[in-house]
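[1] any chance you could fold what I've pasted below:
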Amino acid sequence: MPRHPRVHIDNLPLHIIQRGHNQEACFFCDADYKAYLHWLGEVLKKESCTLHAYCLMKNHIHLLVTPEYAESISSLIIALSRKYVQYINKTYHRTGTLWDSRYKSSLIQEETYLLACQRYIELNPVRASMVKEPALYRWSSYRFNALGKANQYVSPHSVYLSLGKNSKSRQIAYRSLFQSELDTNAFSDIRLAITQSQPLGNSHFYAKLETMMMGQLCSPKPRGRPKKQKYKKIAKNLKQ
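    As a prediction, this is how the structure comes out:
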């Protein structure tokens, strides 16, 4: 079955997932998580990308990233994966691959799904029954976004900043979002979109994308065989 083409657009956020090879572990101790974050910080600066949320799970990672230039995402993932695999192989005297060969990504309509996507990412350890609440998990962006704990890797998105006039009010508003479970429909939409590496937004967002991309279907579908195309830089036209 043909792979879904990735849709990367300048200055629009992407939800990215990369999984361990054969769903095996890619982090083995605290030092590994710290090493990954160190190199993540390096490549974010080099590729002019901004990180809004993340969660490092034992056998996969979630990132919510806005690239200044769409083509930077592939370079970011390749560079980060190479550095981390070299570290793991040297540290644990192993050889071979660590990650699945193809990462998944989903373009996110900011005003509709960005905060829902951040919640989806930061609630991963809770869904996996690793902790009872996201604040108890060390390797995610929740403590920064919800509690104001210093984190040199994360930069708030404008949608997050609109939650309040200052950092304290934003953190209170953000924590309130976690007092109830993520809406079932939003959860399903996010999971389907990232599974298919398709954009995530409302019908207006999809319609504009499909018009600008010569009729190619962009909304997540249970089944479908989209054709690969080269994507134009259309971020300005999509933001409304």
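
[2] mind checking the longest helix of the protein?
    Looking across the chain with DSSP state H, the single longest helix is helix 72-91.

[3] just how off-centre is the helix or strand that it is followed by within its chain?
    Once helix 72-91 ends, the next helix or strand along the chain (criterion: DSSP states H and E) is strand 104-107. Here strand 104-107 is found 7 Å from its chain centre; the criterion is CA atoms, centre = their mean, to the nearest Å.

[4] excluding its backbone neighbours, what's nearest Asn202?
    Thr112 (5.2 Å; CB to CB, 6 or more residues apart in numbering). From N, CA and C alone the C-beta is placed, and that goes for glycine too.

[5] that neighbour sits in which helix or strand?
    helix 110-122.

[6] just for this protein, where's the confidence low?
    1-5, 212-240 (pLDDT under 70).

[7] cutoff 90 now
    Residue ranges of the chain with pLDDT under 90: 1-9, 96-97, 100-102, 180-183, 202-240.

[8] show me the strands in it, by range?
    14-19, 49-56, 60-67, 104-107 (DSSP state E).

[9] select, out of those strands, the one closest to Asn151.
    strand 49-56 (9.3 Å; CB to CB).

[10] let me know the outermost residue of the protein.
    What lies farthest from the middle of the chain is His93; by CA atoms, centre = their mean that is 30.0 Å.

[11] one step back: output the strands of the chain as JSON lines; include the columns distance to Arg175.
    Listed next are the strands of the chain as JSON lines, based on distance: least, CB to CB, whole Å:
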{"stretch": "strand 14-19", "distance to Arg175": "21"}
{"stretch": "strand 49-56", "distance to Arg175": "14"}
{"stretch": "strand 60-67", "distance to Arg175": "18"}
{"stretch": "strand 104-107", "distance to Arg175": "25"}
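
[12] out of the ones you listed, nearest to Lys34?
    strand 49-56 (9.9 Å).

[13] packing partners for the closest one?
    helix 30-46, strand 60-67, helix 72-91, helix 110-122 (3 or more CB pairs under 8 Å, 6 or more residues apart in numbering; DSSP states H and E).
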